[in-house]
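Participant: Compute the structure for the input listed below.
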Amino acid sequence: MIQFRTLGGLELCGDGGRALTSVLAHPKRFAVLLFLAIETPTGGQRRDRLLALLWPESDQEHSRGSLRKEIHFLRQSLGPGIIGSRGYDQLVLDESRIVCDVRRFRAATRATRLAEAMDLYGGEFSPGFFVPAAPEFEHWLERQRDALRREAIGAAVALSTTAEAAGAGQAAIAWAWRAHDLAGGDEIPLRRLLELLDRQGDRIAALRVFGDYQRWLASEALEPSAETLALVARIRVRTEPHSPVAICELRDTPPPSAGPRPPRAFRPSVQLGPAGPAFREDRERPAWRPQ
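Facilitator: Numbering: from 1, shown residues only. This is a model prediction of the structure:
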């Protein structure tokens, strides 16, 4: 069974835990496998889509030859039958022989096994990976990163909401912190965290979190939104205990089916694969982290 980790780091291991570094080291080879492993629908992917993503400037003859070469190498590295063909136009990955953390994460969120999903979400999808001279593939990567991050934020918010409803205040705050940390500069999870801290009786902590965030925004020449400023103003002047209010501003987040579960300690990290031209550490999106 091949293990394929893409959330928070990049690892590809064959039977016995043997690292398949020859796949990771080649950008387009790895990109083909990555696309087949997580793209939907799972029944097969058209070769033409891969050609447009990875060889946009090549003619049909050369791009198809390049794709055939990468598929041949992947089949040799992964084993026979793991990448199959459906007719002339489609490629199919045998999911019974390769386990990808993204597919497990998405299956867990669909089944509302949200604590399990958050255990699987180790961080950004394919951190630092890119393919030179393939802008459409870069756009695909960014869409996947954003969608997966939003799913994780939604799961963390739902776990926080359920924990608060069950009276588990500390677990609720811990999950709200996780959602806020994943969200970077998105203020919706920030506002939920501020309200939750306030409802739990720690107004000072709520104002301290906002102060740290406001200073970070100032360093980026930005300002908080009007909604966030209004919330902070209400927290500052309120003299009566805050009445509990169910808050979940992230839409389409399914409720968890199980009771609250405190999260594991979260430490953001990026573990890149082998050094080389396919990997980079610079990320264009600034991310705020509490001091």
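
Participant: now the top helix by length along the chain: mean pLDDT?
Facilitator: Counting by DSSP state H, the longest helix found in the chain is helix 135-165. Mean per-residue pLDDT for helix 135-165: 96.

Participant: Just name whatever secondary elements that helix is in contact with.
Facilitator: Secondary-structure packing of helix 135-165 (3 or more CB pairs under 8 Å, 6 or more residues apart in numbering; DSSP states H and E): helix 27-38, helix 47-54, helix 101-110, helix 114-120, helix 169-183, helix 187-199. Where you see a C-beta, it was placed from the backbone N, CA and C, and this is true even at glycine.

Participant: Could you point out which of the ones you listed sits nearest residue 234?
Facilitator: Among these, helix 187-199 comes nearest to residue 234, with 8.8 Å by CB to CB.

Participant: Alpha carbons of that closest one, as CSV, please.
Facilitator: The C-alpha atoms that make up helix 187-199 are tabulated as CSV, following Å, rounded to 0.1, in the frame of the first residue of the first chain:
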residue,chain,number,x,y,z
GLU,A,187,-11.8,38.1,10.2
ILE,A,188,-14.8,35.8,10.4
PRO,A,189,-13.0,33.1,12.6
LEU,A,190,-11.4,36.0,14.5
ARG,A,191,-14.8,37.4,15.4
ARG,A,192,-16.0,34.0,16.5
LEU,A,193,-12.9,33.6,18.8
LEU,A,194,-13.4,37.1,20.3
GLU,A,195,-17.1,36.5,21.0
LEU,A,196,-16.3,33.0,22.4
LEU,A,197,-13.6,34.4,24.8
ASP,A,198,-16.0,37.1,25.9
ARG,A,199,-18.8,34.6,26.5
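
Participant: next helix or strand past it?
Facilitator: Next helix or strand after helix 187-199 toward the C-terminus (DSSP states H and E): helix 203-219.

Participant: still on that earlier bit, would you format the helices and strands packed on helix 135-165 as JSON lines with mean pLDDT included?
Facilitator: What follows is those, written out as JSON lines (pLDDT from 0 to 100):
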{"stretch": "helix 27-38", "mean pLDDT": "94"}
{"stretch": "helix 47-54", "mean pLDDT": "95"}
{"stretch": "helix 101-110", "mean pLDDT": "96"}
{"stretch": "helix 114-120", "mean pLDDT": "97"}
{"stretch": "helix 169-183", "mean pLDDT": "95"}
{"stretch": "helix 187-199", "mean pLDDT": "95"}
